[in-house]
Structure formats: structure tokens, C-alpha cells
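[1] Could you work out the structure for the sequence below:
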Amino acid sequence: MTAPEFSRTERIDTIGEGERTIAITANEAERAALAKRFDLVSVDRLEAQFAVRRDAAGVVARGTVRAAVVQACSVTDDPLPVTVEEPIALRFVDHEPDSEEIELDPDALDTMVFDGASIDLGEAAAETMALSLDPFPRGPNAAAALRAAGVISEEEAKPAGALAGLKEALEKRLNRS
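    Modelled structure (predicted):
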């Protein structure tokens, strides 16, 4: 496995039960490598601030990831500037959680497995940034480009065959009631 492009490790033996604040920022080379990894035009800024502490189950990290990226429109390839301000709440554990374990508690933390010696806050921030982005961004020219290519919108599409008039018939029936 290759090393993450934006790695900021914290040794577990430096993290206690009291919260400690850690701020991280990606440099220009790291941002360029992340842009390539996540297929972005650019990553202009990536930073995060975490409050970390140990507990009985591992290490808890809460904070905020902030980024400024440029994505390409999925239709036209036009550059689309995007800002990210995403809360993050993780529990780093030194073993893979049971696959049958399902947490539905709204306060439940996402888990990341670590090697038992250190956690990587940089990789956590990079993944959080990437997951917060729209996977199919569309710019202001996307609708016109799709129309020019002959692609119709869902609103313009009409049901065909036996179902063609079903919606209108149901609306008429409901209006009579």
C-alpha cells in the first residue's frame, strides 16, 4: 500500500484522556497529489482542526475539515469552484469492528482502523473532503449542453405505451373526489 498524499500522524502515546487540539494544513505538493487522486482540477486549500482524546474503545477525533477545490462539470468539463466546511467525528480503533455490528445512534462515530501505534488525521481529513463533494457536479452550462446533445430532462420525458395517460387520469379522478 502506498503512503497517503496528506499524512499527519499522531502517536497514540502522545494522546491522553484530556482533549488536545491539533490543526493540520496540506502543502502545495500534497494538494496537487490529492487533486490527482480524487480527479479534481485542483485542491486550493485543505485544512482541519481536531480535538482528540483517548477513551476505552480507542481514540476519538472531532472537528472540522475546510477546503477549497475546483471540480470539473460532469457534462461540460467547465471548472466549478467548491468550498467545503464539513464536521468530522471519528473513532480510531486498533481492530476491525464486527461486521454484524450496526450503530443507528445519531451520536455514533464513524470508525477508522489504525495500526495501534498512531492515527493519521491527514488521511481522515482528505477522505472527509472527498466524500463531501458532489460526485456528478453540474455547472450552469450543463443543461444547455445536454439539450444540444439531444438529452431530455425528466420533466420533458413522457411515459410511453399503456402508462402514457395514467398520471393525468389519476389526477382527474382525485380532483373529482
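
[2] And the residue nearest the centre of the chain?
    L131 (1.4 Å; C-alpha atoms, centre = their mean).

[3] helices and strands around the host helix or strand of it, which ones?
    Applying DSSP states H and E as the criterion places L131 in helix 121-132. If you count contacts as 3 or more C-beta pairs under 8 Å, 6 or more residues apart in numbering; DSSP states H and E, helix 121-132 packs onto strand 9-11, strand 20-25, helix 28-37, strand 42-55, strand 58-72, strand 79-93. Quick note: C-beta positions are derived from backbone N, CA and C, even for glycine.

[4] buried sites along stretch 13-28?
    For stretch 13-28, a neighbour-count test (16 or more other C-beta atoms under 10 Å) marks I15, I22, I24, T25, A26 as buried.

[5] okay, P97: pLDDT?
    pLDDT recorded at P97 is 59.

[6] Can you give me every residue that contacts the residue nearest to S118 when sequence neighbours are not counted?
    In space, S118 comes closest to T9 once its chain neighbours are excluded; the distance is 4.3 Å by C-beta to C-beta, 6 or more residues apart in numbering. Counting by C-beta atoms under 8 Å, 6 or more residues apart in numbering, T9 touches S118, I119, D120, L121, G122.

[7] who does V52 bridge with?
    Beta bridges link V52 to R20, A61 when assigned by DSSP bridges.

[8] scratch that, V43 is what I was asking about
    V69.

[9] So it is in contact with V65, correct?
    No - applying C-beta atoms under 8 Å as the test, V43 and V65 come out as separate, 11.9 Å apart.

[10] Which of these two has more residues huddled nearby?
    Applying other C-beta atoms under 10 Å to V43 and V65 shows that V43 carries more neighbours, namely 27 against 24.

[11] residues touching the more buried one, list them.
    Going by C-beta under 8 Å, 6+ apart, the list of residues near V43 reads A26, R31, A32, L34, A35, A67, A68, V69, M129.

[12] try it again with 6 Å
    R31, L34, A35, V69 (C-beta atoms under 6 Å, 6 or more residues apart in numbering).

[13] Buried ones among those?
    Judged by 16+ other C-beta under 10 Å, buried ones among the contacts of V43: R31, L34, A35, V69.

[14] doesn't L40 make contact with the last one?
    Yes - counting by C-beta atoms under 6 Å, a contact exists between V69 and L40, whose distance comes to 5.2 Å.

[15] Any idea what the residue nearest to S118 is bridged to?
    D120.
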